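In: build me a model:
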Amino acid sequence: MQGKVVAITGASRGIGAAAGRIFAQAGAKVALLARSRAEIDALVAEIGPDALAVVCDVSDWGSVQAAVAAIMARFGRLDVWIGNAGMIEPIARLAEADPAQWAQAVQVNLTGVFHGMRAVLPVMKAQGGGTVITISSGAAHNPLEGWSAYCSAKAGAAMLTRPAHLEEGGNGLRIMGLSPGTVATEMQVKIRASGVNPVSQLDFAVHIPAEWPARCLLWMCGAGGDDWLGKEVSLRDEGVRRAAGLIA
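Out: Presented below is the predicted three-dimensional model:
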């Protein structure tokens, strides 16, 4: 990753923050995108001069356009875009869900992924290549009580990688998804507090650390990801964990 430029949405905490650290350690220049400035400023201070904090709301097309412009102005290129920003709320049964919250979840978890792709694909095509990875979820493929917005939006985002690869794979772009499984992040705290569906009953100790999906993302940016273009890598797969160097 030496000299490569990596942009990560939802970089203020969890998988996004861990990925910022992992890619920086691998030699990349990192752009950390999030709605909250304080957290990404602190992460930039930790990583050093090859990191850039960009306030960005992925649900807003203009905000994403401006973020990509800021990255290009600072670094002059963009090699990897990781669509990680997401929200679990509202956790509510369909008959009780707030329509505005439900729509906002889809706007962040699905439309936000589209906004990222729409902004970076022309840039990457012009420079001759790039990698786009979307953070998916087991919820994209399995319905869960109270998670209708999250399940539906993640299913859409998982599908979005497929036409993106179909359209741009021939132009040197590498597009795929990562389903990390349950990760020990703030989202799991909210899920547990809800008490809704079996995921909320899981002991926190069973969740994998955020560094695992971060290291898998790094692996996917190399030759290891070539077999997964247009597909979804599942970190529940022991073979993937082994190939990514997470287990012996």
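In: what is the burial count for P122?
Out: 11 (other C-beta atoms under 10 Å). (Each C-beta comes from the backbone N, C-alpha and C, glycine too.)
In: state the phi and psi torsions of it.
Out: phi -60, psi -40 (degrees, to the nearest 10).
In: do you know how far it is from M72?
Out: 11 Å (C-beta to C-beta, to the nearest Å).
In: who does T131 bridge with?
Out: Note on T131: beta-bridge partners by DSSP bridges are V80, R174.
In: so which residue is dead centre in this structure?
Out: N84 (1.8 Å; C-alpha atoms, centre = their mean).
In: residue contacts, it?
Out: Residues near N84 by C-beta atoms under 8 Å, 6 or more residues apart in numbering: I8, T9, G10, A11, I15, G16, A19, I135.
In: residue most distant from the centroid, this structure?
Out: Max distance from the centre of the chain (C-alpha atoms, centre = their mean): A95, 29.3 Å.
In: pLDDT score for that residue?
Out: pLDDT recorded at A95 is 97.
In: that one - that's part of a strand, no?
Out: No. Under DSSP: H, G, I helix; E, B strand; the rest coil, A95 sits outside any strand and is assigned coil.
In: ramachandran angles for it?
Out: In terms of degrees, to the nearest 10, the main-chain angles of A95 are phi -70, psi -10.
In: for A158, same thing?
Out: phi -60, psi -40.
In: for it, give its distance to A193.
Out: From A158 over to A193 (counting by C-beta to C-beta), the distance is 26 Å.
In: so between these two, which is more surrounded?
Out: A158 (22 against 10).
In: for this structure, what spans make up the strands?
Out: With strands called from DSSP state E, the chain shows them at 5-9, 29-34, 51-55, 80-83, 130-135, 173-179, 232-234.
In: in a markdown table: those, plus mean pLDDT.
Out: Output for the strands of the chain, formatted as a markdown table (pLDDT from 0 to 100):
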| stretch | mean pLDDT |
| --- | --- |
| strand 5-9 | 98 |
| strand 29-34 | 98 |
| strand 51-55 | 98 |
| strand 80-83 | 98 |
| strand 130-135 | 98 |
| strand 173-179 | 98 |
| strand 232-234 | 97 |
